[in-house]
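Undergrad: my questions are about this predicted structure, shown below with the sequence.
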Amino acid sequence: MKIKKVCVIGMGTMGSQIGIVCAKGGCETAMVDTSSDQVERGLENIQAFLQGQKKKGKIDQKAKDRALSLITTGTDIPRAVKDADLVIEAVYEDIEIKRDTFKKMDEASPEHTILASNTSTLWIAEIAAATNRPEKCIGTHFLIPAALTPLVEVVRGPVTSDETHDAVIDFLGKCGKETVTVADSPGFVINRLYLPMVNEAFFALETGLASAEEIDRSCTKGLGYPLGPLAAADAFGLDILLACMKTFHRELGDKYRPCPLVVKLVKAGHLGRNRIIWFYAHYALGPILLRRKAKEGIWINEFHR
Ligand SMILES: NC(=O)c1ccc[n+]([C@@H]2O[C@H](COP(=O)([O-])OP(=O)(O)OC[C@H]3O[C@@H](n4cnc5c(N)ncnc54)[C@H](O)[C@@H]3O)[C@@H](O)[C@H]2O)c1
């Protein structure tokens with residue numbers, strides 16, 4: 001089966017970028033979110049990203065216009081999925097919301113349509129069970145930023161058919177992505193390896209093994225990571241780290257216990273620099289700078305250990 005028309009549900013951080021991947025891959029791409037404000041915000045992000053790519057000389061005006069011309073937007077799932085060959089869901093990481101969205105996707109899309117989820121930690125089997133076509137359900141775990149990261153994890157549920165799997169691999173290849181096929185298990189391969197390491201960096205900080213700056217520098221200079229684990233958590237959100245570690249802990253056992261410092265920081269509302277309070281600055285730069293910045297209105301309050 002050839003995938004020519006795609007629908008992306010959710011135009012947040014990931015959905016917007018996934019839409020770009022599909023449109024740049026030459027597919028008609030219908031994109032949906034819950035309100036016209038969310039749709040507008042998503043579309044602005046798409047336009048800004050493509051403009052940035054053009055400025056950097058990565059794409060020309062023609063490629064930018066072509067990608068944008070292939071994208072349509074709306075708030076009506078049934079309408080958007082009605083002639084899609086593939087629907088990719090990128091809504092909140094919440095099993096009930098995902099199952100409800102999959103039910104709607106299943107009810108409104110043609111029989112041949114493949115239904116994919118971008119979940120990071122949930123079981124594809126559990127999401128697929130909300131549909132009448134579990135053999136056509138699959139995980140396409142794009143990584144942030146999806147339009148630039150070369151790899152996508154393709155997750156086979158217990159009954160995902162070979163035809164579904166092969167069509168998705170073929171489609172992603174045409175969109176310029178490398179793929180790895182992984183089994184259905186929380187965190188798949190990448191998050192299962194990476195997030196416990198980030199969690200461990202918080203244990204190292206908590207037990208005074210080294211300063212935040214030293215922990216991160218060990219990883220950037222010693223291991224060649226583009227970003228240290230603490231700075232990375234600051235960027236993608238401590239609440240997300242905690243939610244993922246809680247799932248791993250519940251599903252996979254004790255060695256995935258969330259670090260108490262992460263629990264404490266999340267309770268105190270220190271979720272990361274894109275989520276109001278920049279916890280990393282407190283550790284790396286110290287309370288004096290933090291207070292000064294707070295006066296400038298950049299940080300809301302200070303975390304006391
Ligand atoms: N952000 C990351 O680093 C990252 C990386 C890989 C995978 N993921 C996964 O991708 C998914 C999306 O994450 P995100 O970071 O883009 O979240 P986000 O909060 O930025 O965006 C989610 C979007 O979904 C929309 N939405 C919610 N319910 C909806 C519904 N019923 N119908 C249509 N739209 C709906 C929201 O309005 C929002 O715009 C999650 O499953 C997440 O685990 C995230």
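TA: Here it is on my side, so go on.
Undergrad: from Ala147, how far out is the residue in the stretch 151-300 of the chain that the ligand sits nearest to?
TA: The minimum distance from the stretch 151-300 of the chain to the ligand, using Cβ to the nearest ligand atom, falls at Phe236 (5.0 Å). (C-beta placed from N, C-alpha, C; glycine too.) Counting by Cβ to Cβ, to the nearest Å, the separation of Phe236 from Ala147 is 16 Å.
Undergrad: cool, and Cys219?
TA: Taken as Cβ to Cβ, the span from Cys219 to Ala147 is 25 Å.
Undergrad: Gln61 now?
TA: Taken as Cβ to Cβ, the span from Gln61 to Ala147 is 18 Å.
Undergrad: more crowded one of the two?
TA: Using other Cβ atoms under 10 Å as the criterion, Gln61 and Ala147 rank with Ala147 on top: 21 against 8.
Undergrad: that one reaches Met14, doesn't it?
TA: No - counting by Cβ atoms under 8 Å, Ala147 sits too far from Met14 to count as a contact (10.2 Å).
Undergrad: which elements pack onto the helix or strand encompassing Val262?
TA: Assigned by DSSP states H and E, Val262 belongs to helix 260-267. With contacts defined as 3 or more Cβ pairs under 8 Å, 6 or more residues apart in numbering; DSSP states H and E, helix 260-267 has these neighbours: helix 190-206, helix 238-252.
Undergrad: list the buried ones in that helix?
TA: Buried residues in helix 260-267, counted by 16 or more other Cβ atoms under 10 Å: Leu261, Val262, Val263, Leu265, Val266.
Undergrad: gap between that helix and the chain center?
TA: 22 Å (Cα atoms, centre = their mean, to the nearest Å).
Undergrad: kindly export that helix (C-alpha atoms) in PDB.
TA: Once non-C-alpha atoms are left out, helix 260-267 reads as follows in PDB (Å, rounded to 0.1, in the frame of the first residue of the first chain):
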ATOM      1  CA  PRO A 260      13.300  12.200  44.800                       C
ATOM      2  CA  LEU A 261      14.800  15.500  43.700                       C
ATOM      3  CA  VAL A 262      12.800  15.400  40.500                       C
ATOM      4  CA  VAL A 263       9.600  14.600  42.500                       C
ATOM      5  CA  LYS A 264      10.400  17.600  44.800                       C
ATOM      6  CA  LEU A 265      11.100  20.000  42.000                       C
ATOM      7  CA  VAL A 266       8.000  19.100  40.100                       C
ATOM      8  CA  LYS A 267       5.900  19.500  43.300                       C
END
